[in-house]
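In: here is a sequence together with a model predicted from it:
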Amino acid sequence: MGTTLTKVEQTQRLYAELVKQRESWKTHWRDLSDYISPRTSRFLTTDRNDGKKKHNNIIDSTATFAARTLASGMMSGITSPSRPWFRLAMPDPDLNEFGSVRVWLDTVEQRMRDVFLKSNLYTHLPRMYSGLGVYGTSALGIFSDLDDTIRAMAYPLGSYVLSGNDKGVVDCFMREFSMTVRQIVEKFGLENVSTSVRNQWDRSNYETWIDVVHSIMPNLDHVDGALEARRFAWGSTYFEKATKNDETLSESGFNEFPIMAPRWDVTGEDVYGMSPAMDVLGDVKALQLLQKQKSKAIEKQINPPLSAPAEMANNAISTLPGAINYENRATSQGGLRPVYEVTFDIGGTQLETQEMQMRIRRAFYEDLFLMLASDPRTQPPTAREIQERHEEKLLMLGPVLERLNDEALDPLIDRTFSLMLRRGDIPEPPPEIQGQELKVEYVSILAQAQKLVGIGSVDRFVGYIANVSQFWPEALDKFDIDKSIDDYGEMLGVSADLILDEDVVQEKRDARAAEQQAMQEAAIAREAVTAQKEMSETDTAGQNALTDARAAVLGSQTIAGVV
């Protein structure tokens with residue numbers, strides 16, 4: 001950036017350039033918005049509080065409902081508020097076995113879940129998923145809040161622009177929006193607003209709308225460990241769009257990039273992503289046209305245009321059932337007749353409609369999220385069928401989940417953890433893990449379903465070992481039962497508390513071995529006593545077998561002594 005420009009001018013030029021780069025996407029986005037989700041975009045600041053009907057292009061709402069199902073399915077399957085969907089762990093598995101480490105990790109996990117539940121995060125995540133499915137790009141901001149620790153904000157597509165670094169990671173976010181004079185003064189203070197806004201305030205024009213630009217980008221003046229917000233890693237600047245001077249409403253910063261900007265799929269160095277809706281936009285448009293034509297054809301069949309004698313022009317004609325229309329038979333040409341016959345193939349049109357609807361639903365993965373509910377059979381599918389169908393669908397969704405983890409969930413966890421740490425809400429970690437990084441494991445329904453794909457192979461392998469060991473018992477020597485239990489439990493996402501530490505397991509096994517040894521020794525002792533008793537009770541020529549045995553032993557000892 002040139003040094004002769006002020007900071008506001010530099011930001012204005014950057015914003016104008018990013019808006020220009022975004023322009024080529026807008027035509028596609030507008031079609032997606034008009035035909036699928038009209039109220040989830042905002043291409044103009046004047047779209048605010050716009051209550052006009054926007055669904056005029058939607059006759060068949062299959063795509064709208066499918067997009068809603070996708071957003072709801074991803075919400076419940078990835079970040080459900082009703083069940084744990086992430087777990088903290090150490091990169092070194094051995095450290096996770098320490099009792100103090102496990103307790104600390106569980107405590108931090110629970111506190112983070114409480115923060116998510118207390119905040120408004122779960123009301124904005126569905127909007128992020130909806131934007132991903134329809135437009136391929138979403139933006140969710142996570143900001144500090146005095147009361148709830150974090151405050152989430154999902155931004156409508158068209159109101160923001162993005163830019164990424166050389167690694168393809170989004171690190172620049174700018175948006176244009178509107179605030180009333182009252183909102184600006186309350187947020188930034190009367191002393192920081194422009195003369196124009198101050199004049200509006202003095203005239204009591206509190207509800208006048210003012211366009212504002214907010215930019216978040218890497219801070220070139222960043223200083224590690226700085227206490228002043230302007231020196232943080234990411235700079236944050238608010239200014240009035242119409243300002244002509246180097247006047248800002250606010251300048252601050254963030255230690256972490258506060259914007260999660262996931263993309264459904266990205267090609268090369270593109271900043272904005274592709275979406276399932278883009279793949280079937282042609283079907284969506286064709287479906288609307290087909291439904292419109294079908295409605296016209298049905299109407300023409302039910303209420304066709306009629307032809308009547310000219311003499312009836314001044315007579316009232318009724319088409320109601322049972323009505324009587326009088327005509328002059330001398331000049332009549334047979335009364336009312338259809339101008340033309342409409343022969344419309346309703347069955348063929350319905351078949352074509354169903355095929356389009358099926359393709360749209362498949363593009364939005366509706367068959368995955370409603371797999372059991374949408375099964376047309378009266379008999380429920382078997383467990384094997386469910387597993388195979390899950391594998392097929394999840395393999396298709398797998399790359400999307402991996403990108404979502406990388407671009408949304410990982411930054412969300414990191415951002416929340418850092419905010420809690422600075423507030424003092426994170427307890428002191430045990431000395432064994434101080435200074436080490438944490439690892440995040442996702443245990444949501446979809447994350448576990450991805451892992452369940454591998455359970456089938458484990459089950460088959462265990463079954464194979466069981467069958468082979470019946471004929472070759474030494475096959476069990478090749479099987480590590482402890483490792484298989486750990487891996488199986490991780491695939492199923494069971495609580496770590498259900499799997500005992502190796503030290504505890506070894507203590508149990510040592511105690512069991514000692515108990516078995518004692519039982520064996522006791523059994524041997526009982527057998528010896530029983531044998532001794534039986535020998536003492538056996539009569540051999542007036543003596544018992546025990547006496548004869550002792551005599552035999554003494555005799556053998558005497559002979560041995562003589563020899």
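Out: Thanks, I have the structure now.
In: specify the local secondary structure of residue 237.
Out: What DSSP: H, G, I helix; E, B strand; the rest coil gives for residue 237 is strand.
In: same question for the one 10 residues further on.
Out: What three-state DSSP gives for residue 247 is coil.
In: residue contacts, it?
Out: Applying CB atoms under 8 Å, 6 or more residues apart in numbering to residue 247 gives the contacts 8, 194, 239, 240. Where you see a C-beta, it was placed from the backbone N, CA and C, and this is true even at glycine.
In: of the residues you listed, which belong to helices?
Out: residue 8 (DSSP state H).
In: now render the contacts of residue 247 as JSON lines, adding pLDDT and neighbour count.
Out: As requested, the contacts of residue 247 are exported to JSON lines (pLDDT from 0 to 100; neighbours: other CB atoms under 10 Å):
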{"residue": "8", "pLDDT": "87", "neighbour count": "19"}
{"residue": "194", "pLDDT": "92", "neighbour count": "18"}
{"residue": "239", "pLDDT": "93", "neighbour count": "22"}
{"residue": "240", "pLDDT": "93", "neighbour count": "22"}
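In: farthest-separated two in the contacts of residue 247?
Out: Taking CB to CB as the measure, the contacts of residue 247 reach their widest spread between 8 and 194, a distance of 11.4 Å.
In: mind listing the shared neighbours of these two?
Out: 243, 247.
In: below-threshold pLDDT in the stretch 451-563 of the chain: ranges please.
Out: Residues of the stretch 451-563 of the chain meeting the criterion pLDDT under 70: 451-456, 488-499, 501, 534-563.
In: can you show me the helices along it?
Out: 455-469, 481-492, 502-537, 545-562 (DSSP state H, counting those that start in this stretch).
In: what helices and strands are in contact with the first one?
Out: Same thing as helix 455-469. helix 481-492 (3 or more CB pairs under 8 Å, 6 or more residues apart in numbering; DSSP states H and E).
In: check contacts around residue 288.
Out: By CB under 8 Å, 6+ apart, the neighbours of residue 288 are 35, 57, 58, 59, 60.
In: SS state for the fourth one?
Out: Translated: residue 59. Under three-state DSSP, residue 59 falls in the coil class.
In: ranges for the strands of the stretch 351-500 of the chain?
Out: 439-442 (DSSP state E, counting those that start in this stretch).
In: contacting residues for the closest residue to residue 78 other than its chain neighbours?
Out: Distances taken as CB to CB, 6 or more residues apart in numbering put residue 444 closest to residue 78, at 4.9 Å, once the chain neighbours are dropped. Contacts for residue 444 (CB under 8 Å, 6+ apart) come out as 77, 78, 79, 80, 83, 85, 86.
In: hey, what's residue 251 bridged with?
Out: In this entry, residue 251 is beta-bridged to residue 237, by DSSP bridges.
In: how many neighbours does it have?
Out: If you count neighbours by other CB atoms under 10 Å, residue 251 ends up with 14.
In: how near is it to residue 237?
Out: Distance of residue 251 to residue 237, given as CB to CB, to the nearest Å: 5 Å.
In: what residue ranges in the protein score low on pLDDT?
Out: Using pLDDT under 70, the chain drops low at 1-3, 311-312, 322-323, 325, 327-344, 371-395, 448-456, 488-499, 501, 534-563.
In: at 50 what do you get?
Out: In the predicted model of the chain, residues 1-2, 332, 380, 382-383, 558-563 satisfy pLDDT under 50.
In: quick one: secondary structure of residue 49?
Out: Classified using three-state DSSP, residue 49 is coil.
In: and it, how many neighbours?
Out: Count around residue 49 with other CB under 10 Å applied: 7.
In: gap between the residue most central in space within the chain and residue 275?
Out: Centroid check for the chain by CA atoms, centre = their mean gives residue 78 as the closest residue, at 3.4 Å. Here the criterion is CB to CB. By it, residue 78 lies 17 Å from residue 275.
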